[in-house]
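**Student:** Test case, fold it:
(one chain, ligands or ions: 3)
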Amino acid sequence: MKFSITSVLTFASTAVLLALSVVPASALPTTPAAVQALQKRATKIEGLNNYSCKPKSGQRPVILVHATLLTLNSWSDFAPVLIKKGYCVFALTYGVNKAVGDFGGLNSIESSAQELATFANNVLAKTNSKQVDIVGHSQGGILARYWIKYLDGKGKVYRHVGVSPINHGTTLSSIVTVAKAFGIFYPSQSLFDKFAPSFYQMVNTSDFIKKLNAGGDFAPNVIHSNIATKFDEVVTPYETCWQQQPNITNVLLQDFCLLSLNEHLTMVNSKVVLQFVLNQLDPSTAKTANCLSMFS
Ligand SMILES: *[C@@H]1O[C@H](CO)[C@@H](O)[C@H](O)[C@H]1NC(C)=O
Ligand SMILES: *[C@@H]1O[C@H](CO)[C@@H](O)[C@H](O)[C@H]1NC(C)=O
Ligand SMILES: *[C@@H]1O[C@H](CO)[C@@H](O)[C@H](O)[C@H]1NC(C)=O
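**Tutor:** Ligands and ions are numbered 1, 2, ... in the order given. Take a look at the predicted model:
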């Protein structure tokens, strides 16, 4: 299987495609046990969403925004480190279509951006803060831009770190490739639009991507930075993760770690990506990422 490094992608995509598919479940290369295995990965992240947390001077609450098909549990590597460093860390699961399962990021991206807006406004109010910092993975890396541009987010975000964010969309063929790699049907748009409209909204020519980038692919006065990987099989080509402004930091994981094999989903398990995030959140304590292995 092409994406064997990422069992998460296998399980999650299979689960959602299983739910969307008109072919009988027995024809698919998976079992309900595989889906249950993914759900078992969900462990409580100690100290996350603690509304009694008071941001230290010079810090803001940090909101983590997961990718398509995932949930807030995708932050089980990053969040504990941020919490240990003293940040007040928050995360939501957005875009769940109960008819499909417990996976996030499926509903229309506009409605998911509204979910982020509601969540973030609550964090701001309860922590008595004026601004948040946001770290978003993939689809989670563009919701705040929509919040700022089209909802009530203006002035509420200080820093925004994109981890393989889908700033300029991806190709239709990437979506087809992901489906085909699992031996599943050709993903018909009408089926996806019914159960998981976000998929086709992420195609680079979609009305959503055009609207997102109308008038500039950034939010004025927000300090943006992005990290991408050469081995991204979902956001293709990987340069579409980047924002085309001279004052925005866009880096490639392999610039730090030549041999890193991390691909789209494992970016949130990478120590090097985590160090990049920490450096962005607090440049005064920035350190060079330690590149120990291909999986760093
Ligand atoms: C939540 O934050 C408060 C205030 O910092 C702290 O006393 C408490 O231990 C935290 N709770 C958890 C579960 O981390
Ligand atoms: C979308 O992606 C395709 C395939 O890479 C490319 O040919 C096309 O120019 C892209 N369109 C836009 C609007 O970026
Ligand atoms: C980056 O430059 C753009 C203009 O290209 C400006 O609107 C934006 O506010 C700048 N961002 C920061 C953080 O200064």
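
**Student:** Check whether the longest helix along the chain comes near ligand 1.
**Tutor:** Longest helix in the chain, counting residues (DSSP state H): helix 109-127. No - contact between helix 109-127 and ligand 1 is absent, the nearest approach being 10.5 Å (criterion: C-beta under 6 Å from any ligand atom). In this view, the C-beta of every residue, glycine as well, is placed from N, C-alpha and C.

**Student:** How far does that helix sit from its chain's centre?
**Tutor:** In terms of C-alpha atoms, centre = their mean, to the nearest Å, the centre of helix 109-127 is found 16 Å from the chain centre.

**Student:** So what touches it?
**Tutor:** Contacts with helix 109-127, where a contact means C-beta atoms under 8 Å, 6 or more residues apart in numbering, come from 51, 53-55, 61, 63, 65, 88, 90, 92, 94-95, 105, 129-132, 134, 139, 142-144, 146-147, 150-153, 156, 197-198, 201-202, 208.

**Student:** In strands, which of those residues appear?
**Tutor:** If you go by DSSP state E, the contacts of helix 109-127 have 63, 65, 90, 92, 132, 134 in strands.

**Student:** Let me know the closest of those to ligand 2.
**Tutor:** V65 (23.4 Å; C-beta to the nearest ligand atom).

**Student:** got a list of what that closest one touches?
**Tutor:** By C-beta under 8 Å, 6+ apart, the neighbours of V65 are 91-92, 94, 116, 134-137, 140-141, 143-144.

**Student:** Apply 7 Å and report the result again.
**Tutor:** 116, 134, 136-137, 140, 143 (C-beta atoms under 7 Å, 6 or more residues apart in numbering).

**Student:** I'd like to know which of these are buried.
**Tutor:** Applying 16 or more other C-beta atoms under 10 Å to the contacts of V65, the neighbour count classes 116, 134, 136-137, 140, 143 as buried.

**Student:** which among those residues gets closest to ligand 1?
**Tutor:** Distances from ligand 1 to the buried ones among the contacts of V65, taken by C-beta to the nearest ligand atom, are shortest for I134, at 20.7 Å.

**Student:** which residues touch the closest one?
**Tutor:** Counted by C-beta under 7 Å, 6+ apart, I134 has contacts 63, 65, 144, 157, 160.

**Student:** could you dump those to CSV with pLDDT?
**Tutor:** As requested, the contacts of I134 are exported to CSV (pLDDT from 0 to 100):
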residue, pLDDT
I63, 98
V65, 98
A144, 98
V157, 98
H160, 98
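
**Student:** Most neighbours among those, which one is it?
**Tutor:** Of all those, V65 has the most neighbours under the rule other C-beta atoms under 10 Å, reaching 35 neighbours.

**Student:** partners of it in the sheet?
**Tutor:** Assessed by DSSP bridges, V65 has beta-bridge partners L92, G136.

**Student:** This protein: strands as residue ranges?
**Tutor:** Using DSSP E, the strands of the chain run over 62-65, 89-92, 132-137, 157-163, 223-228, 249-252.

**Student:** which residues touch H66?
**Tutor:** H66 touches 72, 74-75, 93, 104-105, 137, 140, counting by C-beta under 7 Å, 6+ apart.

**Student:** can you redo the residues you listed as JSON lines with pLDDT?
**Tutor:** Converted to JSON lines, the contacts of H66 look like this (pLDDT from 0 to 100):
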{"residue": "L72", "pLDDT": "94"}
{"residue": "S74", "pLDDT": "91"}
{"residue": "W75", "pLDDT": "95"}
{"residue": "T93", "pLDDT": "96"}
{"residue": "G104", "pLDDT": "90"}
{"residue": "G105", "pLDDT": "91"}
{"residue": "H137", "pLDDT": "95"}
{"residue": "G140", "pLDDT": "97"}
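
**Student:** Quickly check the residues you listed for the two that are furthest apart.
**Tutor:** W75 and G105 (13.7 Å; C-beta to C-beta).

**Student:** Compare these two and say which is more crowded by neighbours.
**Tutor:** Using other C-beta under 10 Å, the more surrounded residue of W75 and G105 is G105, with 29 against 23.
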